[in-house]
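Novice: how would this look folded up:
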Amino acid sequence: MAEDAATERRTDAVDRVRDRAAELAPAFGSTWTDDEPWRFLTDLTAIGSRMAGSEGEARGADLVADAFERAELADVRTEPFDLPAWERGSASLDVTVSGRDGEPTTRSFEALALPYSPGGSVSGELVDVGYGTPAEIDERDVAGRIAVASTTTPEGGRFVHRMEKFGYAVDAGAVGFVFVNHLDGQLPPTGSLTFGEEAEAVAVGVSKETGAWLREYAVGGGGAGPSGSGAVAQAELSVEASTTPGESRNVIGRAGPNTDERVLLLAHYDAHDIAEGALDNGCGIATVATAAEIIAGADLPLGVDVVAVGAEEVGLLGAEHLAERVDLDSVKGVVNVDGAGRFRDLIALAHASTAAASVAEAVSAATRQPIEVDAQPHPFSDQWPFVRRGVPALQLHSDSGDRGRGWGHTHADTRDKVDDRNVREHAMLTALLVAEFAAPERDLPRLDRDELATAFREADFETGMRAADLWPSDWD
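Specialist: Purely as a prediction, here's the structure:
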């Protein structure tokens, strides 16, 4: 009987989405031919750096507010908030190794400071910790050494985030951290070490090509160097950077009726300072701005708050600010667009909510558009401040099929990588997902704290989250 009822609910949901798609067909037709997504993305990426707390991020917020106005959202406004603003200076990595004649030779490699790295210099042996998983770090003596870890993780398990690798290595005694891109192209990666505070050790990103040299020089990576001398190299890692009080901002608009219960549609608009931020997250915020125009003209049963959040890349600070200010009891659910619009097929991360997963499944079935649904949670995007407080959420992403970020967080994250057909198509699907979240018939139960903690433990997150100081204290 229960199975029959569940089947009936799925059928009703698919029919409901089909009816909504038919209602929105004229708006979808306009979206498919509209050049606004490309023009908006062009304006945004032309800014250059949109680093949290920077002038470029402020200009990005202004562009988003203009886009929300063009989408005819109501009550468009900007809400500022304070943050520790990190500013990049220079970084250097010098490695000294003995040659065949026993004489020391020093080489200098290109390095890029990672956000919230403190300024300073450290010296020591390099130690190769492979992918940088806790198990690999445990196998090496990293105390007093500079850990060298890959940007990717082994197949067969979850993706281990940079913050986990850094935090675990530092807890094990590493005095510095080198993050090695796993993709070709002389592309040193960037990415924050912490959520909104200065880190405990200096850290840099280096290219795959540089990493090949460093591993050859490192303990655990051969240690012989190209001379075959058997001597382990000594490295000196230096970073110039500063963290000072700054300001970011969220941009908020409203669609639909003025109801007490609402749905949140989010995307971050900030980006790292080393590229244009076209993929991460220019595509995401362009998808949201485009979806906003669709839902602004829809007859929705619930109101939708459309929010462009700042300072995601340095710790989800805009989303955290939003979660602290809204009445979470009035938030039915959250749709976070971080990674959608980049590649062909949409991925919906349901973050331990079977009800949220069923929304994505219904939209996929109704539209015959492939949406890969993944229930596994993670704490590394703007849904996290809401999920950990029990609010069901979907994170909309897309994937090239390669493991890792690809061009994201490198100099190569530029507009030429974007196919705006993906942005427009994902915006239509986003609008349908938001509408189904808002449907009165759609039940979205709150996430139980103990069940959520269990889901994170079963996904093998606890050790890494504790190392990154992200494990909620009330989960113990």
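
Novice: Going by C-alpha atoms from here, please, whenever you check contacts or count neighbours.
Specialist: Fine.

Novice: Could you confirm residue 212 falls within a strand?
Specialist: No: Residue 212 is assigned helix when assessed by DSSP: H, G, I helix; E, B strand; the rest coil, not a strand.

Novice: And it, how close does it get to residue 105?
Specialist: To residue 105, residue 212 is 18 Å away according to Cα to Cα, to the nearest Å.

Novice: And the residue nearest to residue 220 when sequence neighbours are not counted, how far from residue 295?
Specialist: What sits nearest to residue 220 in space, not counting adjacent residues and going by Cα to Cα, 6 or more residues apart in numbering, is residue 128, at 5.3 Å. From residue 128 over to residue 295 the distance is 50 Å, taken as Cα to Cα.

Novice: Of these two, give the one with the bigger neighbour count.
Specialist: Shown here are residue 128 and residue 295; by other Cα atoms under 10 Å, residue 128 has more neighbours (30 against 27).

Novice: from what I can see the more buried one touches residue 211, true?
Specialist: No: shown here, residue 128 and residue 211 do not form a contact pair, counting by Cα atoms under 8 Å, at 9.8 Å.

Novice: List the residues that contact the residue nearest to residue 220.
Specialist: Counting by Cα atoms under 8 Å, 6 or more residues apart in numbering, residue 128 makes contact with 147, 148, 149, 215, 218, 219, 220, 221.

Novice: Torsion angles phi and psi at it?
Specialist: Main-chain dihedrals, residue 128, degrees, to the nearest 10: phi -80, psi 120.

Novice: can you pull up the bridge partners for it?
Specialist: Under DSSP bridges, the beta-bridge partners of residue 128 are residue 148.

Novice: For residue 77, which non-adjacent residue is spatially closest?
Specialist: Residue 77 sits nearest to residue 252 (Cα to Cα, 6+ apart), 5.4 Å away.

Novice: distance of that neighbour from residue 97?
Specialist: Note on residue 252: its distance to residue 97, by Cα to Cα, is 55 Å.

Novice: hang on, the earlier thing: need the residues touching each of residue 128 and residue 211.
Specialist: Shared contacts of residue 128 and residue 211, counting by Cα under 8 Å, 6+ apart, come down to residue 148.

Novice: Please identify the helix or strand for residue 108.
Specialist: strand 104-109 (DSSP states H and E).

Novice: An error on my part: the question was meant for residue 365.
Specialist: Short version, using DSSP H and E: residue 365 is in helix 354-367.

Novice: buried set for that helix?
Specialist: Going by neighbour count (16 or more other Cα atoms under 10 Å), the buried part of helix 354-367 is 355, 356, 357, 358, 359, 360, 361, 362, 363, 364, 365, 366.

Novice: swap in stretch 73-93?
Specialist: Applying 16+ other Cα under 10 Å to stretch 73-93 flags 73-74, 76-78, 81, 83-88, 91-93 as buried.

Novice: and the two most separated of the residues you listed?
Specialist: 74 and 93 (50.8 Å; Cα to Cα).

Novice: Contact partners for residue 276?
Specialist: Counted by Cα under 8 Å, 6+ apart, residue 276 has contacts 45, 46, 47, 48, 49, 50, 411, 413, 414, 415.

Novice: Out of the residues you listed, the closest to residue 449 would be?
Specialist: Nearest to residue 449 among the contacts of residue 276: residue 50, at 34.8 Å, using Cα to Cα.

Novice: how about the nearest residue to that closest one, chain neighbours excluded?
Specialist: residue 57 (4.1 Å).

Novice: do the same with residue 320
Specialist: Spatial nearest neighbour of residue 320, excluding adjacent residues (Cα to Cα, 6+ apart): residue 385 at 5.5 Å.

Novice: Check the burial of that neighbour by counting its neighbours.
Specialist: 21.

Novice: ok, back up a step: just among the contacts of residue 276, which is most surrounded?
Specialist: residue 50 (27 neighbours).

Novice: Where does the prediction get shaky in the stretch 51-200 of the chain?
Specialist: Per-residue confidence of the stretch 51-200 of the chain (counting by pLDDT under 70) places no residue in a weak region.

Novice: And the helices in it?
Specialist: Per DSSP state H, counting those that start in this stretch, the stretch 51-200 of the chain carries helices over the ranges 55-70, 134-139, 162-171.

Novice: List the buried residues for the last one?
Specialist: Judged by neighbour count using 16+ other Cα under 10 Å, the buried positions of helix 162-171 are 162, 163, 164, 165, 166, 167, 168, 169, 170.

Novice: Does that helix pack against any helices or strands, and if so which?
Specialist: Counting by 3 or more Cα pairs under 8 Å, 6 or more residues apart in numbering; DSSP states H and E, the packing neighbours recorded for helix 162-171 are helix 134-139, strand 176-180, helix 462-467.

Novice: List just the one of those that sits closest to residue 319.
Specialist: Closest to residue 319 of those, according to Cα to Cα: helix 462-467, at 18.6 Å.

Novice: chain center to that closest one: distance?
Specialist: Centroid separation for helix 462-467 versus its chain: 18 Å, with Cα atoms, centre = their mean, to the nearest Å.

Novice: Show me what it is packed up against.
Specialist: Short answer (3+ Cα pairs under 8 Å, 6+ apart): helix 462-467 packs on helix 162-171.

Novice: and the angle for the helix it packs on with strand 176-180?
Specialist: If you take axes from the mean of the first three to the mean of the last three Cα atoms, to 10 degrees, helix 162-171 sits at 150 degrees to strand 176-180.

Novice: Turn the helices of the stretch 51-200 of the chain into JSON lines, columns for distance to residue 284.
Specialist: Output for the helices of the stretch 51-200 of the chain, formatted as JSON lines (distance: least, Cα to Cα, whole Å):
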{"stretch": "helix 55-70", "distance to residue 284": "12"}
{"stretch": "helix 134-139", "distance to residue 284": "31"}
{"stretch": "helix 162-171", "distance to residue 284": "21"}
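
Novice: looking at those helices, which is closest to residue 454?
Specialist: Across these, closest to residue 454 is helix 162-171 (Cα to Cα), at 18.7 Å.

Novice: rewinding a little: using TSV, lay out the contacts of residue 276 together with secondary structure and distance to residue 467.
Specialist: Compiled in TSV, those are given as follows (DSSP: H, G, I helix; E, B strand; the rest coil; distance: Cα to Cα, whole Å):
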residue	secondary structure	distance to residue 467
45	helix	34
46	coil	37
47	coil	35
48	coil	33
49	coil	30
50	coil	28
411	coil	28
413	coil	29
414	coil	32
415	helix	35
